[in-house]
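> please find the sequence and the predicted model below.
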Amino acid sequence: MTSPSPNVTEYHPASDNYSITYQDGDSEVMSHSNTLKYMRGTKQYQDYHENQKALYSAFHTAVSSTTSQSDTVPENYKDARATPDVADWMKARDIEMGKL
């Protein structure tokens, strides 16, 4: 698992902050100390990526252990009508039909 590589687009010396742009087009301003988590070889980089791996593992475990039959997406209208959460599927249907 890797994080998107940010690019520094501007340095703000008065505040010691950097404008950062990510590969997906998102951007933010962050402090020098916060940018260290993206610099390979720093302790902050190692700590950040170990934390990200632990969070991913915990999330994956939580999601995997809580999935039930009603978490599957019905393949057609008839199957949606037969699920325990039929009211939610019908509400979603009404919303989507309203967008047409």
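Cool, got the structure.
> so which residues of this protein form helices?
32-35, 43-66, 77-81, 86-98 (DSSP state H).
> give me the contact list for the third one.
With contacts defined as CB atoms under 8 Å, 6 or more residues apart in numbering, helix 77-81 is touched by 74, 86, 89-90, 93. Every residue, glycine included, has its C-beta placed from N, CA and C.
> would you mark the buried spots in it?
Neighbour-count burial for helix 77-81, with 16 or more other CB atoms under 10 Å as criterion, is recorded at Ala80.
> quick one: distance of it to the chain centre.
30 Å (CA atoms, centre = their mean, to the nearest Å).
> ok, now the shortest one?
On the basis of CA atoms, centre = their mean, the separation between the geometric centre of helix 32-35 and that of its chain is 21 Å.
> rewinding a little: restricted to buried residues, select the contacts of helix 77-81 in PyMOL.
Only the buried entries of the contacts of helix 77-81 go into this PyMOL selection, using 16+ other CB under 10 Å:
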select buried, resi 89
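> ok, the contacts of helix 77-81 vs His49, which is closest?
Pro74 (38.4 Å; CB to CB).
> so what's that closest one closest to, chain neighbours aside?
Ala80 (4.0 Å; CB to CB, 6 or more residues apart in numbering).
> what about the one you found, distance to Asp88?
Using CB to CB, to the nearest Å, we find Ala80 at a distance of 9 Å from Asp88.
> looking at the helices of the chain, spot the one closest to His12.
It is, among the helices of the chain and with distance given as CB to CB, helix 32-35, at 10.2 Å.
> between the helices of the chain, which one is closest to Tyr11.
Comparing the helices of the chain by CB to CB, helix 32-35 comes nearest, at 9.1 Å.
> the closest one - contacts with which helices or strands?
strand 17-21 (3 or more CB pairs under 8 Å, 6 or more residues apart in numbering; DSSP states H and E).
> parallel or antiparallel, list what pairs with the strand it packs on.
strand 7-12 (antiparallel), strand 27-31 (antiparallel) (DSSP bridges).
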